[in-house]
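>>> Mind looking at a prediction? Sequence and model below.
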Amino acid sequence: MRRLVPAGAAGLVTVLVAALLLGRSAYPVLGLVDPGELVQLGLPLLRVLTAGAAAVVLGALVHGLVVAPGTGGPSASVRVVASGAAWAWAALAAGTAVFTVADVSGGFVAPGPDLVVGMVVRAAPIGWLACAIGAAVVAVWVREARTWSSTLGAGVLAGVALLGPVMTGHAIDGVGKDLGTPAVALHVIAATVWLGTVGALLVAPASPARSGTVSTMCAVVTVASGVLASAVLVPSWGELATAYGVLVLLAAAVTVVGLGVLVRRRVGGSRRVVLLELTLLAVVTGLSVAMTRAVPPVQAPFHTTPTEAVLGFGIPDPPTLGRLLGDWRPDVWFLVLVAVLVVGYARWLRRVDGWPRARAFSWFAGCALLVVATSSGIGRYADALFSVHVAEHMLVSIVVPVLLVLGGPVSLARRALPEQGDARDRLEAVLDAPLLRFLTHPAVAAVVMVGSPFAFYLTPLFSLLQPLGWLMPAISAWFLTAGYLFFWVLVGVDPTPGQKLPHVARLAVLIASMPFHALFGVILLAADTPVAQTPSTLAADGGGGQVFVTDFYSRLRLPWAPDLLADQHLAALLSWGMGDLPLVGVLVILLVQWHRAGLAEDRAARDLLAARR
């Protein structure tokens, strides 16, 4: 671990110098009281140390998951390092939450009720507390991880914990925040994994080829997401002359040098090259933390419409069929997901001969429809109209999953991947994971699929989460996952991890689930108050504790917006029709599969009888 000290020192020195040069310039712009030099300098130093601890955790986990050969899970030494670093990460994140409260309160708050209130009424401290809790769970989890799939779960949780401060930071404010928030999130995750993977090379044996591949992929995502985030947060060339813009340029320049060093390492670099790459990444980390001490130009006071302030973009005109299909606004999260799904499936498809074209068409059609549902005008207007929001979720939870499960990605992967290889073993480890077996149990999959709309829309959950716009892609991902698991059990061409239901049982499950979509629509239609009422105690700015409203849609102030109750009645009809009609199609697909299975059994029986003769 001593080999990591020079790089850590470089990151600390970078952020300290930047903080000294920035001084107190951001506080008057944000309307905050200067908290003093201890907070002014201590907070960025804590954030760099926190980022370093997170990088050690993710570096150790990625080393055990991808870089190291085999699927036996991380070694005991790797688990000890990751667990210890995760505890340090949790402690540093908790300390950062305290310093963040002091930063926005004009100084340290004495332990007691005032400190608790300061932590829960503002978004930024909550983000750091969530990060600390997630890191603590990772520390316990990874210490007991004995399998590859369990380690994967710890890695996913560590990545989610990283997002707490991101989702409550400067990226969630201003015009374009719907693009800036996912861009910064992807940037932070990729850069942290890159930093951690390079650091792991100095302290643990690893395959240079695998480590180089992971670093290259992280570098590509880091650069691409950084460009998008910079374009959102620094919207004009002239604003590159601001303090924030200068930091962006410096980070970009050091990153370019780091890319050159990465290329040198991949073609046969020494340990000194690895150390240089790690040091450069640590400097970039310090500059990135320093950016949080400056005000992004996009947040500088200027005129915006209420819709732009809440959603990050404007919706000046009412929806029409042309606007729903043509007024595109990219959803970064789902575009990245679809890119991964398309590229992965296409690579496997090239390795397999004789794969049914209908399956490939179904998969790519599902991916295309997912893009349309989330990034076309449907996705754009879904943030402003409850009816379009429900229509989007019907597409994402029913139509898209049906097309995807008919594509047979697991069967394709099993045919494409070598039987004797880590990739195939890791696929089987995921499919054999107890959690996946539980989720693909027919009863569980049906309850999650049928119950999600009721739990989300007919309880205060929707009105509580709706003002947190960055959570909406996560909600859509939940519906997509629930639909995929449900239809995988019913009509998926891939074998499920558990025992496959006979066709008659699958038919019974499908028919039993169909009335619930109609019931959900009837409840929405019969309601005399909108379900999208936000409690008056919730801050509409996502937790900043400043602006309070009684209804999220009212805050958009759309001059063309329909009556909320009338729009909810339209949502009820859309839910009913877009829920039941696709299920009728699923019923037909299931009956066809049943018929084909019967024909196959008959042929097998005739062949057996012929062989016996």
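Alright, I've got the coordinates. Computed from a predicted model, the values in this text were never measured in an experiment.
>>> Next one: residue 392 from residue 384, what distance?
Using CB to CB, to the nearest Å, one gets 12 Å for the distance from residue 392 to residue 384. Glycine gets a C-beta too; all of them are placed from N, C-alpha and C.
>>> Looking at those two, which has the bigger crowd around it?
residue 392 (26 against 22; other CB atoms under 10 Å).
>>> Just want to check the distance between the closest residue to that one other than its chain neighbours and residue 472.
Take residue 392 and drop its neighbours on the chain: the residue closest to it by CB to CB, 6 or more residues apart in numbering is residue 382, 4.3 Å away. According to CB to CB, residue 382 stands 8 Å off from residue 472.
>>> cool, and residue 241?
Between residue 241 and residue 472 the distance is 35 Å, computed by CB to CB.
>>> Check residue 40 too.
From residue 40 over to residue 472 the distance is 35 Å, taken as CB to CB.
>>> again, but for residue 371
In this structure, residue 371 lies at 16 Å from residue 472, with CB to CB as the measure.
>>> Repeat that for residue 583.
Using CB to CB, residue 583 is found at 25 Å from residue 472.
>>> follow-up on the earlier one: which of residue 241 and residue 472 has more neighbours?
In terms of neighbours (other CB under 10 Å), residue 472 is the more surrounded of residue 241 and residue 472; the figures are 20 against 12.
>>> just checking, that one is part of a helix?
Yes - read with DSSP: H, G, I helix; E, B strand; the rest coil, residue 472 is one of the residues of a helix.
>>> which residues does it contact?
Counting by CB atoms under 8 Å, 6 or more residues apart in numbering, residue 472 touches 383, 465-466.
>>> Just the closest of these to residue 189, please.
Using CB to CB, the shortest approach to residue 189 within these belongs to residue 465, at 22.0 Å.
>>> Just want the phi and psi numbers for that closest one.
Note on residue 465: its backbone torsions stand at phi -90, psi -20 [degrees, to the nearest 10].
>>> my read: it touches residue 478, true?
No - Residue 465 lies out of contact with residue 478 (CB atoms under 8 Å); the separation is 10.9 Å.
>>> and residue 598, how many neighbours does it have?
Other residues within reach of residue 598, judged by other CB under 10 Å, total 11.
>>> any idea which element it lies in?
For residue 598, the enclosing helix or strand under DSSP states H and E is helix 564-612.
>>> now swap in residue 415 and tell me
According to DSSP H and E, residue 415 maps onto helix 409-416.
>>> elements contacting that helix?
Where contact means 3 or more CB pairs under 8 Å, 6 or more residues apart in numbering; DSSP states H and E, helix 409-416 is packed against helix 332-351, helix 422-431.
>>> can you list the ones you listed in TSV and add mean neighbour count?
Listed next are these as TSV, based on neighbours: other CB atoms under 10 Å:
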stretch	mean neighbour count
helix 332-351	16
helix 422-431	16
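>>> for the chain, where's the lowest mean pLDDT among helices and strands?
Taking mean pLDDT, DSSP states H and E as the measure, helix 26-30 is the helix or strand of the chain with the lowest mean score, a mean of 64.
>>> same for the next helix or strand after it, what does it pack against?
Once helix 26-30 ends, the next helix or strand along the chain (criterion: DSSP H and E) is helix 37-62. In this structure, helix 37-62 packs against helix 5-22, helix 76-105, helix 123-144, helix 148-166, helix 177-203, helix 271-291, with contacts taken as 3+ CB pairs under 8 Å, 6+ apart.
>>> how about a cut-off of 6 Å?
helix 5-22, helix 76-105, helix 148-166, helix 177-203, helix 271-291 (3 or more CB pairs under 6 Å, 6 or more residues apart in numbering; DSSP states H and E).
>>> Quick check: buried residues in it?
When neighbours are counted by 16 or more other CB atoms under 10 Å, the buried residues of helix 37-62 are found to be 39-40, 42-62.
>>> again with stretch 123-140
Of the residues in stretch 123-140, 123-132, 134-139 count as buried by neighbour count, 16+ other CB under 10 Å.
>>> Pull the most distant pair out of these.
Of all pairs drawn from the buried residues of stretch 123-140, the greatest distance, 24.7 Å, lies between 123 and 139 (CB to CB).
>>> circling back to that earlier point, can you tell me which of the contacts of residue 472 are buried?
Among the contacts of residue 472, those classed as buried by neighbour count (16+ other CB under 10 Å) are 383, 465-466.
>>> can you redo those as CSV with distance to residue 76 and pLDDT?
What follows is the buried ones among the contacts of residue 472, written out as CSV (distance: CB to CB, whole Å; pLDDT from 0 to 100):
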residue, distance to residue 76, pLDDT
383, 48, 86
465, 40, 79
466, 46, 76
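>>> which one of those residues sits closest to residue 143?
Closest to residue 143, out of all of the buried ones among the contacts of residue 472 and judged by CB to CB, is residue 465, at 32.3 Å.
>>> Can you tell me the closest non-neighbouring residue to the closest one?
Nearest in space to residue 465, with sequence neighbours left out and distances taken as CB to CB, 6+ apart, is residue 471 at 5.2 Å.
>>> Burial check on that neighbour, number of neighbours?
14.
>>> wait, it sits on residue 461?
No - using CB atoms under 6 Å, residue 471 is not in contact with residue 461, being 10.6 Å away.
>>> Counting by contacts, list what the helix holding residue 598 packs against.
When contacts are defined as 3+ CB pairs under 6 Å, 6+ apart, helix 564-612 sits against helix 386-394, helix 472-491, helix 503-526.
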